[in-house]
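> Provided below are the primary sequence and the corresponding predicted coordinates.
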Amino acid sequence: MENILIRISFAACLLTLALLINACSTRNVSMQLLVPAKITIPQEIRTVAILNRSLPARKEQIINILEGFITGESILADREGSFNCIRGVESRMNESPRIKAIAIETDTYRGTGTKMFPEMLNWNDVDALCREYKVDAILSLETFDSDFGLRQYSSDRKEKVNGKEVTTKVYHADLAVNVTSGWRLYDNIGKTMVDQVSFSDEKKWKGEGNSAANAEGKLPAKRNSINESGRYAGFLMANRLSPNWRKENRSYYIKGNDDFKKAKKEVKFNNWDAAIAIWKKISDNTDPVLAGRACYNLALASEMKGNLEMAIFWADKAMKQYHDKKARSYVDVLNNRIQNEEKLKEQMQ
């Protein structure tokens, strides 16, 4: 039994070592990609006004305030969070080249104040808003609701004090805020409701300290947590309707022989053409490992220069001819990018 455990432990060490060596043989490079929206909206919609319609009717607002006292929730926190939600949509959309947005800071149009959708806006109101703000469509936040969950507990932690091991009690506080937001997009040109969707997203925070009160004090205020969660909910809606920029990382091989070191210096200074020239010399090397790595790097360089078809060619060669392990997953990434590019062309027309 002891011999089996030794063999298992030795095998685990070899696997860990192999992973470390592989990680050290590559380096990451980042790129900004314009990715398509989740749905494709009519091409005539180029400008949008964002309306907050999630607030309760005025006669119901008193009940919400009383509920805030009873439950201990921040009074009118959902109101503030909902306006942060529409500001989140506005800022995210305006980062996109597809749609320009403006947040309407008004509470004239009211909804249910719950997770239930109200009746649709009538088209006379939609048209009036579009004329006033000179936009093509109204994106309405129809519902906004938040729920809190606070969990407190303790654990023992062992640490060395003056050379002796002592056990101390650590107090923990976990806060979870769930925000549900419901949206409608009213196309004033086509007089159609283009989209209706609800998002439910949970954000979590953790605090720890030497007492329960100290741990809870490390958490953000409930009002702040709703505002942050609301803004994030706005980002989700913006990504649904408008193409957005996203940072992605790719890795490339930096080790193999001296030529890989030379290419690494070229990449450092963004000299991709010089790096390509080096890797091409290695791509037919008699050593299949070196050749496969060079082909893989050529695929990455092609993607960085915007030539996805050439990137597929090199990644496919690295995978099929030289059996490079990273190339298989990279081929999938590239195929997905090509599909996204086609969708993006349709959305950006």
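Yep, that arrived. Keep in mind that this is a model prediction, so the values were computed, not measured.

> where along this protein do the helices fall?
2-24, 58-71, 77-93, 123-133, 212-217, 222-241, 258-268, 272-282, 288-304, 308-320, 325-347 (DSSP state H).

> switch the ones you listed over to a markdown table; also include distance to Thr47 and mean pLDDT.
Every C-beta, even on glycine, is put in place using the N, C-alpha and C of the backbone. Output for the helices of the chain, formatted as a markdown table (distance: least, Cβ to Cβ, whole Å; pLDDT from 0 to 100):
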| stretch | distance to Thr47 | mean pLDDT |
| --- | --- | --- |
| helix 2-24 | 47 | 45 |
| helix 58-71 | 30 | 53 |
| helix 77-93 | 10 | 92 |
| helix 123-133 | 8 | 97 |
| helix 212-217 | 45 | 90 |
| helix 222-241 | 12 | 90 |
| helix 258-268 | 41 | 94 |
| helix 272-282 | 37 | 96 |
| helix 288-304 | 33 | 96 |
| helix 308-320 | 31 | 97 |
| helix 325-347 | 16 | 95 |
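
> neighbours of Ser54, how many?
Neighbours of Ser54 under the rule other Cβ atoms under 10 Å: 31.

> residue contacts, the residue lying closest to Met120 once chain neighbours are set aside?
Spatial nearest neighbour of Met120, chain neighbours left out: Met193 (6.5 Å); criterion: Cβ to Cβ, 6 or more residues apart in numbering. Met193 is in contact with 120, 184-187, counting by Cβ atoms under 8 Å, 6 or more residues apart in numbering.

> before we move on, what about Ile282?
Ile282 is in contact with 256-257, 259-260, 290-291, 293-294, counting by Cβ under 8 Å, 6+ apart.

> and those, which is closest to Leu175?
Set against Leu175, the nearest of these by Cβ to Cβ is Arg293 (46.2 Å).

> my guess is that closest one contacts Asn257. True?
No. The criterion here is Cβ atoms under 8 Å, and Arg293 misses it with Asn257 at 9.7 Å.

> from Lys115, how far out is the residue lying closest to Ser198 once chain neighbours are set aside?
Computed as Cβ to Cβ, 6+ apart, the closest residue to Ser198 that is not its neighbour in sequence is Gly182, at 4.4 Å. Per Cβ to Cβ, to the nearest Å, Gly182 is found 7 Å from Lys115.

> repeat for Arg157
The spacing between Arg157 and Lys115, counted by Cβ to Cβ, is 40 Å.

> thinking again about what came up before, so between Arg293 and Asn257, which is more surrounded?
A direct count of neighbours by other Cβ under 10 Å for Arg293 and Asn257 places Arg293 higher, at 29 against 13.

> which residue, other than its chain neighbours, is closest to the more buried one?
Tyr253 (4.0 Å).

> before we move on, what about Thr47?
Counting by Cβ to Cβ, 6+ apart, Thr47 lies nearest to Val135, which is 4.2 Å off, once chain neighbours are set aside.

> residue contacts, that neighbour?
Val135 neighbours (Cβ under 8 Å, 6+ apart): 47-49, 102, 129, 188.

> who wins for most neighbours among these?
For these, the largest number of neighbours (other Cβ under 10 Å) sits with Val48, at 28 neighbours.

> for it, list each beta-bridge partner.
Counting by DSSP bridges, Val48 forms beta bridges with Ala101, Ala137.

> tell me the spacing between it and Phe144.
Val48 sits 18 Å away from Phe144, taking Cβ to Cβ as the criterion.

> ok, Lys281 - how many residues close by?
A count of nearby residues for Lys281, using other Cβ under 10 Å, gives 12.

> roughly how far does it sit from Trp272?
Lys281 is 15 Å from Trp272, by Cβ to Cβ.

> same check on Lys261?
16 Å.

> between these two, which has more neighbouring residues?
Trp272 (17 against 12).

> quick check: that one vs Tyr296, distance?
Between Trp272 and Tyr296 the distance, using Cβ to Cβ, works out to 15 Å.

> for Glu216, which non-adjacent residue is spatially closest?
Looking at Glu216 with Cβ to Cβ, 6+ apart, the closest residue is Ala173, at 4.4 Å.

> residue contacts, the one you found?
For Ala173, the contact set (Cβ under 8 Å, 6+ apart) comprises 150-152, 206-208, 212, 215-216, 218-219.

> same question, Leu141
50-54, 82, 85-86, 89, 181-183.

> got those as TSV, with distance to Val331 columns?
Formatted as TSV, the contacts of Leu141 follow (distance: Cβ to Cβ, whole Å):
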residue	distance to Val331
Ile50	40
Leu51	44
Asn52	45
Arg53	46
Ser54	44
Ser82	44
Cys85	39
Ile86	41
Val89	35
Ser181	37
Gly182	39
Trp183	36
